[in-house]
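Engineer: Compute the structure for the input listed below.
(one chain, ligands or ions: 2)
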Amino acid sequence: MKIVMLGAPGAGKGTQARLISEKYGIPQISTGDIFRANIRDNTELGQRAKSYMDQGLLVPDQVTCDLVVDRIRRDDCAGGYILDGFPRTIPQAQALTKALSDHGSRIDYAIDVEVPDDNIVQRMSGRRACPKCGATFHIRYKMPQTEGVCDTCGSELIQREDDHAQTVQKRLDVYHSQTQPLIQYYREQGVLHTVDGTREMNTVFNDICAALEES
Ligand code: AP5
Ligand code: MG
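Structural biologist: Ligands and ions are numbered 1, 2, ... in the order given. I've put the predicted structure just below:
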């Protein structure tokens, strides 16, 4: 089961990808989380990615594609995976399609989590993230059991640097110009499923499971 998550920043890709990963036992691969881990560890990749991420811009395609193609060749991806935040441009999608078709494979499902821009800013301002394990919470919609502490690994939660209102707006602009065309790309491949992401998290998840299980 090879799944791509589509949707605007803050639509709930990461939240849903994590639930899918737990239910179906396949890894969640989040390019954003990989970049943030590299920034935290101050690697060369992290230093390069940070300059783009802080501005709400995309990290260059070549860097991102090499990273993902390398990651999906690892053993734990043999039974499938969920790509969360990749692809994000048409060249990235084409590179993924080619890397898979070279091995006689393809993406099985592209799940588009639809949320209007108006809801996004509110979601981002309340998000709290775990810098260690990548778990995501919300001060109103998904509160951790202990305020400011990750339920999964006990680390202190942070507010992401790119979640400030101005950067969120830039990320939304970048989404509409560079990422939204992927919806049509995957529709043409016959694998697109659209879910209404404005509803409660578990309702969204049930819709996604129905799409994964009926087709
Ligand atoms: P990335 O980390 O992928 O950020 P993003 O796409 O902007 O998406 P987010 O992680 O912000 O949102 P999400 O959809 O995962 O929502 P979440 O589940 O957290 O990328 C960051 C940066 O890295 C990019 O800007 C770029 O610079 C770079 N990058 C990454 N991938 C790249 C690539 N392929 N190419 C180039 N550059 C790349 O939910 C948001 C909040 O809402 C949470 O607080 C959550 O609890 C809450 N929530 C979720 N669902 C619901 C619901 N149904 N109801 C109420 N609240 C909800
Ligand atoms: Mg995310």
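
Engineer: Just give the nearest non-adjacent residue to whichever residue of the chain sits closest to ligand 1, would you?
Structural biologist: Closest residue of the chain to ligand 1, Cβ to the nearest ligand atom: G32 (1.9 Å). All C-beta spots, glycine's among them, are computed from the backbone N, C-alpha and C. Of all residues not flanking G32 in the chain, G85 sits nearest, at 4.7 Å (Cβ to Cβ, 6 or more residues apart in numbering).

Engineer: Now for the one you found: which residues touch it?
Structural biologist: M5, K13, G14, S30, T31, G32, D33 (Cβ atoms under 8 Å, 6 or more residues apart in numbering).

Engineer: mind running it again at 6 Å?
Structural biologist: S30, T31, G32 (Cβ atoms under 6 Å, 6 or more residues apart in numbering).

Engineer: Please give the element, helix or strand, for the residue of the chain closest to ligand 1.
Structural biologist: G32 is part of helix 31-40 when elements are defined by DSSP states H and E.

Engineer: I'd like to know which residues of the chain are adjacent to ligand 1.
Structural biologist: 7, 9-15, 31-32, 35, 52-53, 56-59, 64, 85-86, 88, 92, 123, 126-127, 136-138, 141-142, 162, 171, 197, 200-201, 204 (Cβ under 6 Å from any ligand atom).

Engineer: Could you rerun that using 5 Å?
Structural biologist: Listed as neighbours of ligand 1 in the chain under the rule Cβ under 5 Å from any ligand atom: 9-15, 31-32, 52-53, 58-59, 64, 85-86, 88, 123, 127, 136, 138, 141-142, 201.

Engineer: Just the ones in helices from these, please.
Structural biologist: K13, G14, T15, T31, G32, Y52, M53, T64, R123, M201 (DSSP state H).

Engineer: any low-confidence regions in the protein?
Structural biologist: 215 (pLDDT under 70).

Engineer: So what pairs up with the closest residue to V4 other than its chain neighbours in the strands?
Structural biologist: Nearest non-adjacent residue to V4, counting by Cβ to Cβ, 6+ apart: A110, 4.5 Å away. Beta bridges link A110 to V4, L192, judged by DSSP bridges.

Engineer: For A110, give me its contacts.
Structural biologist: V4, L6, Y186, V191, L192.

Engineer: pretty sure the second one contacts D112?
Structural biologist: Read it as L6. Yes. Using Cβ atoms under 6 Å, L6 makes contact with D112 at a distance of 4.2 Å.
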